[in-house]
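**Q** Below: sequence and its predicted model.
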Amino acid sequence: MELVLAAAIGVLAASGVWLLLRPRTFQLIIGLTLISYAVNLFIFSIGGLRTGADPVLQDAAGGIAQYADPLPQALVLTAIVIGFATTALFLVVLLTSRGLTGNDHVDGEDGTP
Amino acid sequence: MSHLDALPPWAAILVAVFVMLGALFAFVGSLGLLRLKNFYQRVHAPTLGTTLGTFFMLAGSITCFSVLHGRPIFYEILIGVFLTLTTPITLMLLVRAALYRDREEGSADVPQATLRE
Amino acid sequence: MPDNILPSTILGLPFAAAVLVWLLRSRGRNLAVWLMTGTALLGLLLSLWLYPAVAGGGALRQVMPWVPGLGLDLVLRVDGFGWLFMLLVCGIGLLVGIYARYYMPADDPLTSFFALLLAFMGSMLGIVMSGNVIQLVFFWELTSLFSFLLIGYWHHGASARDGARMALVVTSGGGLCLLAGMLLLGHIAGSYDLDAILAAGDAVRAHPWYTPTLLLILLGAFTKSAQFPFHFWLPQAMSAPTPVSAYLHSATMVKAGVFLLVRFWPVLGGTEEWFWIVGGTGLVTLVLGAYSAMFEQDLKGVLAYSTISHLGLITMLVGLGSALGVVAAIFHIVNHATFKASLFMAAGAVDHEAGTRDLRKLGGLRRVMPVTATLALVAAAAMAGVPLLNGFLSKEMFFAETLAGRHGPLLDVLSVVIAVAASAFGVTYSIRFVRGVFFGRMASCLPRQPHEPPLWMRVPIGLLALACLLVGVLPARVIGPSLRVAASAVLGAGHLPDYSLAIWHGLTTPLLMSVCAFAAGCLLFAALRRRFDGFEATPLTGRLSGKRMFERVLAVLAADIPRRIERRYPSRRLQPQLLLIVLLALVAGTLAATSAPFGFRPRWSSVDPAFALLWLLGAACAIGAASQAKFHRLAALVLTGGAGLVSCVSFVWLSAPDLAATQLLVEVVTTILILLGLRWLPKRIEGLAPESRAHRFRRRRDVFIAMAVGLGVASLAYAAMMHPVADSISRFFLERAYTEGGGHNVVNVILVDFRGFDTLGEISVLAIVALTVFALLRRFRPAAESIRAPFQPQRQVAPDAEEAAHAVDRSLTDYLMIPGLIIQLMFPVILLFGLHLFLRGHDLPGGGFVAGITVAVALILLYMARGARWVEAHLRVLPVRWIGLGLLLAVGTGLGSLAFGRPFLTSYFRYAELPVLGKLPLASAVLFDLGVFAVVVGATTLMLIALAHQSLRRPRQPADLPGGQG
Amino acid sequence: MSHGLLAAAIILAQILLLLAMSFSIIRMVRGPRAQDRVLALDALYVNAMILLLTIGIRSGSLLYVEAGLIIALLGFAGTLALSKFLMRGQVIE
Amino acid sequence: MSNHLVIAPIVTPLLVAALQLLVGEKRRRAVLALSIASCVVLVLLAAALMQAVSADGALATVYRIGDWPARFGIVLVADRLSALMVLLTGVLALAVLPYALSRWQHRGGHFQPLLQFLLMGLNGAFLTGDLFNLFVFFEVLLAASYGLALHGSGVRRVSAGLHYIAVNLTASMLFLLGVSLIFGVTGTLNMAALAELIPHVPERTRALLHAGAAILGVAFLIKTAMWPLGFWLPRTYAAASPAVAAMFALMTKVGIYVLLRLGLLLFGDGAGPASAHFGSDWMLWGGVATVAAGTVGMLGARDLAKLAGYNVLISSGTLLGAIGLQQPAVTVGALAYLVISTLAIAAFFLLAGLLASDGDDDTDDTLSLEPYEQPGETAANESLYAQEDESRVVISAPIAMLGASFLACALLLAGLPPLSGFLAKFAMLAPMLEAGERPGALVLFTLVIVAGFGTVIAMCRAGMQIFWVEPERLFPTVRLSETVSILALLGLCLLLTVVVEAPLRYLRDTARQIHTPAAYIRQVLPAAEAPP
Amino acid sequence: MTRRWLPYPILSALLLLIWLLLNQSIAPGTLLLGALLGIALAKVFGLLRPPKARVRNYPLLGLLFLRVVLDIVRSNIAVARLVLRRDSRTHSGFVAVPLALTDRYGLAVLACIITSTPGTIWVSYDPSANVLLIHVLDLVDEAAWIDTIKRRYERPLLEIFQ
Ligand code: NA
Ligand code: NA
């Protein structure tokens, strides 16, 4: 499991970073989305992976070992929300930039393809 | 798999059958998505998943949890209800869009527009 | 007045007066003049009053605490040397003040002029009275600053501006070097106190940092004193009003450099480095200044170069390294100040009366201004070193000092010869100055009709000329005691060398040298007399204009090169910046990760084939999205959605349903958002632009970098997963979530209780972003080609136009009639589901955020199905209000606990027994979560709707925009 | 025995569903037209939802049904927006 | 027993922002009154907080949010350093506010709430004692800064803003990676607990810890605009409206603050031999490079706002280098320099806005649609961007004031006497020589002096161009409120030349406190609160 | 009075049912809250001013439901066969169905039925001509399809809604 998830994080990050270095604003926003997927999984995986663990406390709680680590999840939730907000903002800014400069290059000047 | 050990054998087999059937229908549906020749044919395929595929899986789930909890649980039914309501909307709009796009391209395979549709 | 507060009084007076002059500037120039002269006179008198305190060779110290913590107290230290300078500063300041009153144009209010002059006087006093080297630098830089402002006083002229800038750049640059040097010195000596440093001379000279320290301090001194190669600023500074030149550029500021040399002679002097650098610089400056002065055509230019030359002389005297040299240097400082100030004033008087300073135009003025001519003659004679005047005496001492050489026969002979030669040049330019202005043929066609200047302009010149004469005739009586006091303060009372201040020492070699120099000077003048007027520039050295070189160097080093480099900064281009960030993060992470041994072995834990297959799909989606994002935006968006879905499934797989739900909803909303925006992006068609080799290279490079990053992140993730820490704080949360937080869903309890503060910040971010989006979109201007509605609706609307009586959007309503109805029916269902998610969040997956997004999605569906106008006609959504209320509710809940004496956001939880409903959990955290819910609803809809409205307003004409939406 | 059967059935079902998802993804990548990709995304959502149900059965916890419910109720919003975009060139008008 | 003073600087602006949203943009006077009240209250609160933490024997005030033990919940910690930064924030905001009131705030929507959010974010970042909460507050202040940077829209702002946001989003990703790695290795997010745990991190995971710290460090270095990560800064700041840029003068200092705090707390002397002084060389040399790059940029800059932007780089490079030395005495000077340079740069941005305010109106665009307001109010659209009438006391011919202010800014930035810039630089440079055995120390020392010289040249050139070369140049009318802002900032700098000892004593105590974090750790994690 | 407080009783009832299903409980608290929410949300629905609806024949509705379920199962198998068949040359095409049904709700139900049944899909509807265009996967006889739809679905729907 760990190996698969690590590889997944790596692929997501690599795809995202590649897009991050591209010249078009749309590529950038997709890249940032992919990177944030990678980061979210990364944070999540930090607590160690568990399948079949209880995510919610049962009334007849035995030990706490049977539960999934909640803190990384809470952190990821915060990260998701913040990532959502900033993605939205970035989108609007890139649209505004496109409107004002007339093109969708990240630098607002259309030189390269 | 500790939870499932609590199921009586008949239930376990029933659930297994339901699960397999559900997966099978979904699988065939998606296979159709891959195999069928044009868009208007492909658009029919996923319905297998949304109807019987989902139905069997829900049946498996309902059986499993009702037996496990010792009381009837129809929670999952809502999935079916919601899906029945939402899938048509998407497909209708999608096909309509495809039709429009094909007409735009002057494709001969689609009927031409009446004045207003 | 007791002695121990006198220094501060003397120092404070000019500054106070400067402020007063500035404040009372409406009262006109007379008050300013009175304040200037009064302050200078008072300063002079008070300084004289101090004589008994310093006469014994001791120093008067006044310490005022300023920043004791930095070793930086305001230490005023008046010793004999400083005292002599105080007299000079105040005395000449007084005369310049009087002179300026009559010199400056009548329409100039003079207030800011005198304020600056007073401030300058104070700064100069500050330098000479500093008992702390940092304080010295402080005042030193102040003199640079005020001199800059004074030189640029008439800033409408380009030469004044250039001169001012040059002076500022050179002297403040030197000042910064001086600061560095003083810091080093203080570091070596262990204190910034002057006395401590003066006492630490041996340690300083032995320290490995001695040479850099010396160089830095000398840079300060040389720039200020206009020593070669920094001498060029001084002639340029002659664009200043003449009183300024007389004061700053002959008597005071330029003397600060040599003051510094003399002051630190006991600490830094006496070494080989000192001899070579100081002596050599002095020598070169002496000759160069004198030589250049001969060929100047501008009256003030002659005096400026002469000043450079005399400063070189003083520097050389200090550099030679003997005690006698120091005495001679001090003596010459005073002498030069007197005759040069008077000469400048005389030159100013000539300029004032004749309207020109050009030696070629002037001549014969003795007939119309005899008094000025006489006084200038006396001063010029002093400058030339004519006996019975003060210049002669110090020059004698200078010759005597060159003769006492101890540095090898060649060097000794050379220095004697050069001294005589420079002296001869001095004689030549002095003669030229006097003869060119006052003798010879009466100048015709002068800009003004010259006559004797006002009495009060002549008085200061006369007083200074008188001083030259008095010192020259009765040296021991007039200057002897002061000189002794000053010299002994520098050298130590017991180490005063033998010298005698007499007019006649017998037929000595120095006298012979004087005679030689005088004769040679006269001969030189006679030889060149007719040719002086022809020199446009100084022969030999004139082409190497220091000014031009300075301008060039400054332009190249401080403008051209930086501009060229700055233009290459990738500040206008994002890609290189992001590349640098990625690379640096990669390098830093790699270096850090390999800095300590990696202690884990890869473990092939059980790989669930299904999970592996799942991520095979996820990877395909991610890579697909990356490859499609350029030309097939929709495909990329769909594939990104696929990758998101896969990570959402993984969250479920790994027992995190909350995450899955949130991720899913966020993804839906993000997709809609991006789709809303996609309409405004330009079409991009594959294969239109041929790909260049550079682009291909860049792409390959980026693929490589991206792969490296991916590998790095993956290894870090793997390593971290292999080493989950044993006692994470999560235990605490699991243990207390129910008992103390009142919820079964630990994740939600963390979000709204344990770490509710994070959530508060998070919803603030949402609110901020929504407001920003809204504000930005209010002024949105789409690109020209996207302004028209997309072609689809245009085409579809075409039938509408035929039956114009109908509403605009028939095509829309017809097309969406049935789907729209179903969505409308689902609207309450989704709202119900959202409320459900909200209410159960504390115990089961769900919560305010998810619920909020759900409600927002319901609204958006309605917008999609029915169009914005329809929805806004039926529902009034006030998203900003929602945001405000939500924030208020969340904060209010947090503040509620304050009322119970508990910290912010302390949760309150208990079960309430209600009649029919039974046990109901009441947790204050639910209230907080309600705030979250409201903010999320408001923010999400605000963003989506603001974006959606852009399509709405475009196709319409501007005229009907504001009103008709409702 | 029956439990082994059930476990095997679930794993097999999951593999089948993942294969189904991979067909969708192939269609998503291949296209050829935008409507094919959107259709594939819709199918992917449904398959994922069914997959979540199997995970729920396997873990014995009803909580995972929740995520399925969200997909069923709201997952279509994205595809709806995509379809509308294809049809009208804009999502909200 | 809990001292609510600590939370107040965060909650007050949030509350005010929420109220402003409810009051609505249209009721301008009410919104303004709220803003002014908030800023005044913030200054008072910060002063009280400073008083509280600098009382005899007081170390730090710990505020446990939600009443959870520090180790597990989120704590706010106000020590001398945080109190100083909070005060600086409040003072800067209060000083800048009048300027923003005059005409700048109406160039876009919701200026005042965004400003309040920015204050909330800044104060939160300064006060929090929790690493992830720090991330959250960073995001708050960044989000607000995005909004403010884009305030007024227009090509320049938007394209600079696009870069700014892209860079910062990338930095946020790095921040998250770093934080999660550190959490993964230590199992805690509390800074004090981290400091306690880092010496005991098992050797096999220390590499991970370092990787996390390094990635986190890169994130902070992006915020401090270290070379080569800071090319976005001059352009962004130059494009922002002046009042915003003035507030941004503090933004890079947040990065500095965090590096100072975490560098000394987590990787100070107490971090064990393997981790002590981790990354300090990077900061030192990065600072050196930044000062050099900033100086070159400043000399090459063609407009005032850019010049100010490069001054931000110089200032942050200087600070970066200084804190990289990790010497208490240098830190004292660095803190003084931080305060002075922030105030001076802020004043300079405001001044640059006045001197170059012509031609800035390319952004005015008539607004079309206001779907969220009552129809009656929508008609008042046009007046939304009309110029403010409250503070229309216009000073004509303000050249003397502008010139004097410019001179003061130049002196402050170049570190020349008589203003406090000189003292700050001296306080920082003098102890740098004590660290002379580190090769970077002398290089930094030299560069700071060279940068001062460069500032003299650049400012002299700019000032003469503006005030001397074109005496007939049309100076903008300056409103009273704008003057008040600039004079307040400069006056403060002047005041700090005269009243030096007490502030310096405070800074010295501050430096001592952050260089010996044991007391901080003890204060945050009392022994009674041992892990369960 | 009832109209005012309970304008959409069926919707409210359905919402209550969904609420109970969601909460998996019939505790009095849940019931009360569900009823309240059902009423409140129905009022929200009313704000959208939907077209009026009347269900005249409930038993027929149930019959129709059973018929549709049966059709769905049959079509599932048919389409699955079609997909799995080795040569996938099927003849599919569009069919225009002239309708008598005009009630919006009736049309909505018809849309759900046709689209939910594998093998047929609702393509577009022209309200002015009242013609429905559907696409059929396995189209052998166009007229038969028109007949099926009109007979099996439209007629009961006409009875129920109009
Ligand atoms: Na939750
Ligand atoms: Na169908």
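**A** The structure has been received and is ready for your questions. Ligands and ions are numbered 1, 2, ... in the order given.
**Q** Pull out the buried residues from the host helix or strand of residue C:554.
**A** Residue C:554 is located in helix C:546-555, with elements delineated by DSSP states H and E. Using 16 or more other C-beta atoms under 10 Å in any protein chain shown as the test for burial, helix C:546-555 gives C:546, C:550, C:554. For glycine as for every other residue, the C-beta is placed from the backbone atoms N, C-alpha and C.
**Q** middle-most residue in the chain, spatially?
**A** In the absence of a named chain, this looks at chain A. residue A:36 (1.6 Å; C-alpha atoms, centre = their mean).
**Q** um, chain B though
**A** Central residue of chain B (C-alpha atoms, centre = their mean): residue B:50, at 1.2 Å.
**Q** For it, give me its contacts.
**A** When contacts are counted by C-beta atoms under 8 Å, 6 or more residues apart in numbering or on different chains, residue B:50 touches B:29, B:83-84, B:87, D:46, F:116.
**Q** buried subset of the residues you listed?
**A** Burial by neighbour count, 16+ other C-beta under 10 Å: within the contacts of residue B:50 this picks out B:29, B:83-84, B:87, D:46, F:116.
**Q** now, the most widely separated pair of those residues?
**A** B:29 and B:84 (15.6 Å; C-beta to C-beta).
**Q** I'd say residue E:207 and residue C:596 touch.
**A** Yes - applying C-beta atoms under 8 Å, one finds residue E:207 in contact with residue C:596, separated by 4.2 Å.
**Q** about what we covered before: would you format the buried residues of helix C:546-555 as JSON lines with pLDDT and distance to residue C:570 included?
**A** Below are those laid out as JSON lines (pLDDT from 0 to 100; distance: C-beta to C-beta, whole Å):
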{"residue": "C:546", "pLDDT": "75", "distance to residue C:570": "38"}
{"residue": "C:550", "pLDDT": "84", "distance to residue C:570": "33"}
{"residue": "C:554", "pLDDT": "86", "distance to residue C:570": "27"}
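**Q** how near is the residue nearest to the centre of chain A to chain B?
**A** To chain B, residue A:36 is 26 Å away according to C-beta to the nearest C-beta, to the nearest Å.
**Q** With residue F:73 instead?
**A** 7 Å.
**Q** Count the residues that sit near the residue lying closest to residue E:251 once chain neighbours are set aside.
**A** Residue nearest to residue E:251 in three dimensions, not counting chain neighbours: residue E:145, with 6.1 Å by C-beta to C-beta, 6 or more residues apart in numbering or on different chains. Residue E:145 is flanked by 28 other residues according to other C-beta atoms under 10 Å in any protein chain shown.
**Q** Residue C:703 too?
**A** Neighbour count of residue C:703, defined by other C-beta under 10 Å: 15.
**Q** Equivalent analysis for residue C:367, please.
**A** Residue C:367, neighbours per other C-beta under 10 Å, totals 11.
**Q** got the contact list for the nearest residue to it once chain neighbours are set aside?
**A** Closest residue to residue C:367 apart from its sequence neighbours, by C-beta to C-beta, 6+ apart: residue C:442 at 6.2 Å. By C-beta under 8 Å, 6+ apart, the contact set of residue C:442 is C:363-365, C:367.
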